[in-house]
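Sequence and predicted structure are below.
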Amino acid sequence: MEKTSSRTTAAKGTKAKTQDAIAILSADHEKVKKLFKEYESIKDSADAEKKGELAAEICLELTIHAQAEEEIFYPAVEESIDDGDLMDEAEVEHASAKDLIAQIEESSPDDDLFDAKVKVLGEYIDHHVKEEEGEMFPKAKKAKLDLDALGVEIQERKDELMAEITGEADDDQTANSEATERTKRR
């Protein structure tokens, strides 16, 4: 499942306008929700290549989103709100999603459980998004976090990760050094 769809490839070169962190993460949620719906609409078809491309795109988008969220957004929120249970649940949900993503990436659309794994991943993500958008995001807004600054950091990190994962980083060491430096600043 090394292929990425042309949609993902086209999006890699474009930079989004600077948005706050919640707007960026919510846009990611919406994008993945649409990809899951698209997958659901073709899952019964015999087009294994299209199913594989969509599943790969879903996994790529979720991997980048989760890593940027875990590195930048979650630590900022955790410092600013008093809700360890919410943050612990988010961490466990991410771990479950990552496990399913790995299973999907290691399998083929022709495998018996492939569609089921994509469907369950979609259900996990739907549940996770509802909690983030319904509980975590309002608490982050109320905590008066600098969501614009976090948005810039998140977008930059997502761009770095996309370049690294898709093999289009100009210099992987530079990208890794920048990521390490950003982590140290926090």
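Nice, I can see it.

Can you pull out the low-pLDDT segments for the protein?
Within the chain, the stretches with pLDDT under 70 are 1-18, 168-186.

helices and strands around whichever strand or helix holds Glu40, which ones?
Element membership of Glu40, judged by DSSP states H and E, is helix 21-42. Counting contacts by 3 or more Cβ pairs under 8 Å, 6 or more residues apart in numbering; DSSP states H and E, helix 21-42 packs against helix 48-68, helix 114-131, helix 137-142, helix 147-165. For every residue, glycine as well, the C-beta is placed using N, CA and C.

Format those as JSON lines; extra columns: distance to Ala27 and mean neighbour count.
Converted to JSON lines, the helices and strands packed on helix 21-42 look like this (distance: least, Cβ to Cβ, whole Å; neighbours: other Cβ atoms under 10 Å):
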{"stretch": "helix 48-68", "distance to Ala27": "10", "mean neighbour count": "20"}
{"stretch": "helix 114-131", "distance to Ala27": "12", "mean neighbour count": "17"}
{"stretch": "helix 137-142", "distance to Ala27": "13", "mean neighbour count": "15"}
{"stretch": "helix 147-165", "distance to Ala27": "10", "mean neighbour count": "19"}
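
In a markdown table: the ones you listed, plus distance to Gly84.
Converted to a markdown table, those look like this (distance: least, Cβ to Cβ, whole Å):
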| stretch | distance to Gly84 |
| --- | --- |
| helix 48-68 | 19 |
| helix 114-131 | 14 |
| helix 137-142 | 12 |
| helix 147-165 | 20 |
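
closest one to Ile101 among those?
For Ile101, the closest of these is helix 48-68, at 4.7 Å, according to Cβ to Cβ.
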